[in-house]
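Trainee: 3D model of this:
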Amino acid sequence: MKNKQTDTYELRGVSSSKEDVHNAIKNLSKGLYKDTFAKIVPDSLTGDERFCLISHADGAGTKALAAYLCYKQTGDLSVFRGIAQDSIVMNLDDMIACGATGPFTYAQIINRNKNLIKQEIIDEVINGAQEFFDRMKQFGIDITFTGGETADLGDTVRTLTVDGVMTARMRRDDIVHIDIKPGDYIVGLASSGQSAYEDSLNSGIGSNGLTDARHDLLENEFALIYPESYDPRTPEDLVYRGRFNFKSVGVNAFKDLLLSPTRTYAPIVRDVLSRETRKDISGIIHCSGGGQTKVLNFVDKIRIEKDNMFPVPDIFKLIQKESGKDTAGMLSTYNMGSRMEIYVRNEKTANRVMFLASSYGVDSKIVGRCFEKNDGTEVACTLPGRERVVISQKSK
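Mentor: Next up, the predicted model:
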């Protein structure tokens, strides 16, 4: 049975594990391989068996609602530029975890309630996407903006959603297969701080868990003023139950913490894959939905021991304090300081990965090791100054 304390995400109509989705697609083809982070299919465009295609769809999730609230309170349109980046990175970083380094194409999909979301907001989202592409090109990541769709769906969309589809063609022998084994080192890449390709400090929030964060931090007045910003079927005691508003927390603090754009690791991973022998990379895990437990989807009879994790960024400390969520629930929802993990066979390769990350101003460290476990699979996390938390599942 699930603990109500850690299950507020689902009670608010969201799922970090996406069990329903996995059940719905369980009978569909898994593509060319079962051991990659995302689905990869044959290159049907040319029929060349040396190549394959990877096409990925994702978005900014309910982070767009946090941006909407900020805009309504302040009139600041720029918050929607970060939402454009969020939706792109959630595609891009899943794909780089498969070994795709570009060139990429991207089609943007915006669904809006036109009565609330005017053209000036759409302009910010589209321009924000192009701005991100221009910046990535300076760091060797080539993404072509192919356009997309803006749909006016006032009867079905309460405010707006920002999603996208990214596609790349790659050589099959460039694919990163997930083959995590006992003895592997885990290199974590920090989600907070400021990288060489960011204009400001990143809080580390990413694009996961924003439904909980929004409701647990902001006061109930938001439900009265902006009823369009939440599902009215949500239990009343879970609706905007926090103690903060824009005056108490400060507009800039709100933007810096909750609306910090999702960091990409594409330039770092591209360098890692171009300079390291792939035989020493045993897997790349993007710790998005599922947070620090994401790796459980890709291993069997392995204990993932993360006993040297990053200090918890302030945003996650604040969310846990205000929500009362236990540490297991936080680890299963948020990245808690590291949103990308590179699993490697030896310490020499781990040191090389960390050197490359540092060249982009991104903190990194060996956060743990992998061990054999014959009676199941588990992730054990020890955050600095906290108890060791074990999250397990039965053997596949």
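Trainee: what's the helix ranked longest in the chain in contact with?
Mentor: The longest helix of the chain (DSSP state H) is helix 119-138. For helix 119-138, contacts defined as C-beta atoms under 8 Å, 6 or more residues apart in numbering pick out 71, 77-78, 80-85, 87-88, 106, 108, 110, 112, 142-145, 150, 160, 162, 164, 197, 264, 266-267. C-beta here means a position set from N, CA and C on the backbone, and glycine is covered the same way.
Trainee: which secondary element of this protein has the worst mean pLDDT?
Mentor: Sorting the helices and strands of the chain by mean pLDDT, DSSP states H and E puts helix 19-24 at the bottom, at a mean of 61.
Trainee: Now list the buried members of the contacts of helix 119-138.
Mentor: Neighbour counting by 16 or more other C-beta atoms under 10 Å classes 71, 77, 80-85, 87-88, 106, 108, 110, 112, 143, 145, 150, 160, 162, 164, 197, 264, 266-267 among the contacts of helix 119-138 as buried.
Trainee: Can you flag which of those residues belong to strands?
Mentor: Cross-referencing the buried ones among the contacts of helix 119-138 against strands under DSSP state E gives 106, 108, 110, 112, 143, 145, 150, 160, 162, 164.
Trainee: Alpha carbons only: can I get the longest helix of the chain in CSV?
Mentor: C-alpha atoms of helix 119-138 as CSV (Å, rounded to 0.1, in the frame of the first residue of the first chain):
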residue,chain,number,x,y,z
GLN,A,119,-0.4,36.0,-28.7
GLU,A,120,2.3,37.8,-26.7
ILE,A,121,2.7,34.7,-24.6
ILE,A,122,2.9,32.5,-27.7
ASP,A,123,5.6,34.8,-29.1
GLU,A,124,7.7,34.4,-25.9
VAL,A,125,7.5,30.6,-26.1
ILE,A,126,8.5,30.5,-29.7
ASN,A,127,11.2,33.0,-29.4
GLY,A,128,12.5,31.3,-26.2
ALA,A,129,12.8,28.1,-28.2
GLN,A,130,14.8,29.7,-30.9
GLU,A,131,17.0,31.5,-28.4
PHE,A,132,17.9,28.2,-26.8
PHE,A,133,18.7,26.6,-30.1
ASP,A,134,21.0,29.5,-31.0
ARG,A,135,22.8,29.1,-27.7
MET,A,136,23.2,25.3,-28.1
LYS,A,137,24.7,25.8,-31.5
GLN,A,138,27.5,27.8,-29.9
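Trainee: could you give me the average pLDDT of that helix?
Mentor: Here helix 119-138 scores 97 as its mean pLDDT.
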